[in-house]
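Asks: Below is the structure, and that's it, no one-letter string:
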């Protein structure tokens, strides 16, 4: 951070809550972001926002920090509203946000550019009962446009497939049925132009579900998990490539599976990753000496300077 920024005190509106299934996580993220910015001396207004309450966007602010997850807050809707009003805000713009939250569209983009991603099929109400066409058990069934492993199922038996697909389709409209890949989950945070050290996630549960992410203190987050420097370097390079392909900005988290042969399989990009005590981008930033408060402030200054 340059010396001029170190002396600046900004008015920041932190958006959190929202209407999505990830509301509780968003409220936690918003509180943590607001507290960090206040400790750095900034004037902070925290607002719960939703489609029927946009008052927070009229609050005088130098920067808006949308600590929002899931639909409305992370899918380009709020970002489009802020762009239309000329508001400076942390995170990717409306177009990149809308693309990244759609796991199917994102997988198609990265696959077209040579990145490996698990094979997948799409289910809607019209074909929810269709058996697997080119995949084999086990598979992962999840919504096409949610995060935090909401309504995500690992299906190992044939009789489990239809109920899982039906649950997701009824709740979210589309189900992504993805080939399950055995291996370590690896996540790579990106802040500005810096790609952070990859973190290997090792839950004590069967897979990295909502509880493992936000409630289970037994989940392990390992930087030195035994993977080669070459593989970790490749993960960082490919994450940077995915970030650029989707035209993201400021920050993101890119998720991968590394299989037993050392092959990296792209899963998704999160354009507004969490800022809770369990969140991974802050853990990775701390690994390179950037503590939580400084990380949050850096992002705010990135946004403040975006339209300068």
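Replies: Looks like it arrived, so ask away. Small disclaimer: the values here were computed from a predicted structure and weren't measured.

Asks: can you map out the strands along the stretch 1-150 of the chain?
Replies: For the stretch 1-150 of the chain, the strands defined by DSSP state E, counting those that start in this stretch cover 11-16, 43-48, 63-66, 120-123, 139-143.

Asks: Ranking those strands by mean neighbour count, which comes first?
Replies: strand 63-66 (a mean of 26; mean count of other Cβ atoms under 10 Å). No exception for glycine: its C-beta is placed from N, CA and C like everyone else's.

Asks: Okay, now the unreliable bits of this protein?
Replies: 1-7, 147-148, 205-217, 307-308 (pLDDT under 70).

Asks: beta partners for the residue most central in space within it?
Replies: For the chain, the residue nearest the mean C-alpha position is residue 270 (2.2 Å; Cα atoms, centre = their mean). Beta-bridge partners for residue 270, by DSSP bridges, are residue 253.

Asks: Isn't it up against residue 253?
Replies: Yes. At 4.5 Å, residue 270 counts as touching residue 253 under the criterion of Cβ atoms under 8 Å.

Asks: For the stretch 201-308 of the chain, which segments count as helices?
Replies: In order along the chain, the stretch 201-308 of the chain carries the following helices (DSSP state H, counting those that start in this stretch): 210-214, 229-245, 280-287, 292-306.

Asks: how about the ones you listed in CSV, adding mean neighbour count and distance to residue 68?
Replies: Below are the helices of the stretch 201-308 of the chain laid out as CSV (neighbours: other Cβ atoms under 10 Å; distance: least, Cβ to Cβ, whole Å):
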stretch, mean neighbour count, distance to residue 68
helix 210-214, 18, 16
helix 229-245, 17, 19
helix 280-287, 21, 15
helix 292-306, 20, 14
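
Asks: and of the ones you listed, who's closest to residue 20?
Replies: helix 210-214 (12.9 Å; Cβ to Cβ).

Asks: Return the distance of residue 246 relative to residue 96.
Replies: When distances are taken as Cβ to Cβ, to the nearest Å, residue 246 and residue 96 turn out to be 5 Å apart.

Asks: sorry, back to before: among the strands of the stretch 1-150 of the chain, which is nearest residue 130?
Replies: Nearest to residue 130 among those is strand 120-123 (6.8 Å), distances taken as Cβ to Cβ.

Asks: Give the other helices and strands that that closest one contacts.
Replies: helix 103-112, helix 158-172, strand 175-179 (3 or more Cβ pairs under 8 Å, 6 or more residues apart in numbering; DSSP states H and E).

Asks: Partner strands of that strand and their direction?
Replies: When DSSP bridges is applied, strand 120-123 pairs with strand 175-179 (antiparallel).

Asks: between the strand it pairs with and strand 139-143, how many degrees?
Replies: Using axes from the mean of the first three to the mean of the last three Cα atoms, to 10 degrees, the inter-axis angle of strand 175-179 relative to strand 139-143 is 160 degrees.

Asks: I'm done for today, thanks for sticking with me.
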